[in-house]
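In: structure of the sequence below:
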Amino acid sequence: MNNDEFLIEKAIELFESKTGWGDSDEWTNRDFVILSEKIQERTRVALSHVTLKRIWGKVKYDSLPNTHTLDTLVQFLGFENWRDFKSQNGNGAASAITVKQINGNGHGQTIVVNEPEPKRKTLILKSILFITIPVVLILLIISNGWVLVTSGSAVKVKPAIGPTTENALAADQQLARALQRHDTLGIFRLLDKDWAVISTTGGVGEGPSIFPDGIRSGYLTRKTYSLSEPRVRMYENIALVTTKVETSGIFQGKPFEVTERQTDVWRWKDGEWKCILTHETKIPKA
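Out: The predicted structure follows:
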């Protein structure tokens, strides 16, 4: 692995941390589409999701990205350009390098990484561990809800995660936070492409861009958005999450303050929850 390849791996790890989406080996095509939109929103430069998938090794491509592409990638992370990123990471040549990690509010935090190729070493260790595990122990692991996932020549041992009342409620709360913070990309990512909302007046709105478009245009501005009294019911890969919602803000230039009972219908697919329907019922003021 040359220095640039190593530094690209470091940049990918920072993307995993900054987005909060976890191991990028498990990112879907839609994740790369959303990341492309996030990069363009922050840097004003368009990198297609196909280009990103090439950098992440999802699409076979023998050449390294050009300097313009690398500049844009690290600018999203808070660096001036690729040269600045290389300089702050010892040009990828040191065994103990310093990485500038950018958090959500733009402030930097310095951390020291002592392993120049952490992902590769982790995979080698996991492969050795797997080879030495007795067959009886493997069967015990599987019987307790663990699965073996093969990735290239290495073997990962990962817990089998499925739909639960806990992660369904967590998804609903995550959507509430995105609405409260006007996080348009976060809202869009949690809604299914066929999502629809039944409003308190009986109207029907369809498409995951309804709320994001309303926020960007200034049509809808929320000041408060809180959930309480959660009720979760599971039906295999479908979850019904009903909550009491108290929200206020500006809608069509007029202030509003509403309390409603809201039911979100969530569907578990490809290892994550997507909201497919939201039904709102207004609670009259006493």
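
In: element containing residue 47, please.
Out: Assigned by DSSP states H and E, residue 47 belongs to no helix or strand.

In: burial measure for it, as a count.
Out: 20 (other C-beta atoms under 10 Å). Bear in mind the C-beta positions are built from the backbone N, C-alpha and C, glycine included.

In: number of residues surrounding the closest residue in space to residue 195 that isn't next to it in sequence?
Out: Nearest non-adjacent residue to residue 195, counting by C-beta to C-beta, 6 or more residues apart in numbering: residue 208, 5.0 Å away. Applying other C-beta under 10 Å, we find 19 residues neighbouring residue 208.

In: ditto for the one 4 residues further on
Out: Applying other C-beta under 10 Å, we find 20 other residues in the vicinity of residue 212.

In: surely it touches residue 184?
Out: Yes. Between residue 212 and residue 184 there is a contact at 3.7 Å, judged by C-beta atoms under 8 Å.

In: and the gap between the spatially closest residue to residue 230 that is not a sequence neighbour and residue 254?
Out: Nearest residue to residue 230 in three dimensions, chain neighbours excluded: residue 243, at 5.0 Å (C-beta to C-beta, 6+ apart). Distance of residue 243 to residue 254, computed by C-beta to C-beta, to the nearest Å: 25 Å.

In: the residue nearest to residue 195 and residue 216, how far apart?
Out: 13 Å.

In: pLDDT score for residue 196?
Out: Turning to residue 196, the model gives it a pLDDT of 93.

In: quick one: the helices in the stretch 1-150 of the chain, in order.
Out: Per DSSP state H, counting those that start in this stretch, the stretch 1-150 of the chain carries helices over the ranges 3-19, 29-43, 49-55, 67-76, 82-88, 118-132, 135-143.

In: now the ones you listed as CSV including mean pLDDT?
Out: As requested, these are exported to CSV (pLDDT from 0 to 100):
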stretch, mean pLDDT
helix 3-19, 86
helix 29-43, 92
helix 49-55, 91
helix 67-76, 91
helix 82-88, 87
helix 118-132, 50
helix 135-143, 45
